[in-house]
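Asker: Quick one, structure for this:
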Amino acid sequence: MKKTLLIHLLFVAGVVALGLLSGLTNLPGTWYQSLQKPVFNPPAWIFGPVWSTLYVLIGVAGARIWLRAPGSTAMRLWFLQLILNIAWSPAFFGAQSPVAGLVVIVPMLLAVLGFIVAARPLDRIAAWLFVPYALWVAFATVLTLSIVLLN
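Answerer: Numbering: from 1, shown residues only. As a prediction, the model looks like this:
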């Protein structure tokens, strides 16, 4: 029980910390404000609460799979999506390149969807925890593509 709790805490804290680090070191700034955005672009205040919630879900899902099948395809996809997730802000905001953001987010979406498929037979809860994340990343992919096309 203590080991399970510790693994969950480490995964959640690690994902939240990496997400915060990536986000806070790659802020949108005036460059992003100058871009044309689609009408469905959400207000800036929504991203913090959404990503914070998603990072907790990502961490819990990762811990659940780690405890059941640490060498599995699902776990490899979990790590891949996390690397791509953390790389998105430096690609989009840091490099000031919507195209680079698109190059990162498309494989990220595929890794997220792949995780859901691979995790389902191992742990249905872990798979379901990624559904809101998949929906948000799908939306973010459309948003990123729209920004590329508008600029």
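Asker: what stretches of this structure score poorly on pLDDT?
Answerer: In the predicted model, the chain carries no residue with pLDDT under 70.
Asker: what helix or strand is the residue nearest the centre of it on?
Answerer: In the chain, the residue lying closest to the centroid (Cα atoms, centre = their mean) is N85, at 4.3 Å. Per DSSP states H and E, N85 falls inside helix 73-89.
Asker: Touching that helix from outside, list them.
Answerer: By Cβ atoms under 8 Å, 6 or more residues apart in numbering, the residues outside helix 73-89 that reach it are 15, 18-19, 21-23, 25-26, 58, 61-62, 65-66, 69, 101, 104-105, 107-108, 111-112, 114-115, 118-119, 122, 126. From N, CA and C alone the C-beta is placed, and that goes for glycine too.
Asker: Can you go through those and name the buried ones?
Answerer: The neighbour-count criterion (16 or more other Cβ atoms under 10 Å) marks 15, 18-19, 22-23, 26, 58, 61-62, 65-66, 69, 101, 104-105, 108, 111-112, 114-115, 118-119, 122, 126 among those as buried.
Asker: Out of these, name the ones that lie in helices.
Answerer: Using DSSP state H, the members of those that fall in helices are 15, 18-19, 22-23, 58, 61-62, 65-66, 101, 104-105, 108, 111-112, 114-115, 118-119, 126.
Asker: burial of the nearest residue to V15 once chain neighbours are set aside, as a residue count?
Answerer: Closest residue to V15 apart from its sequence neighbours, by Cβ to Cβ, 6 or more residues apart in numbering: G59 at 4.0 Å. Here the count is done by other Cβ atoms under 10 Å, and G59 has 26 residues near it.
Asker: which ones are touching G59?
Answerer: Taking Cβ under 8 Å, 6+ apart as the test, what G59 contacts is H8, F11, V12, A13, G14, V15, V16.
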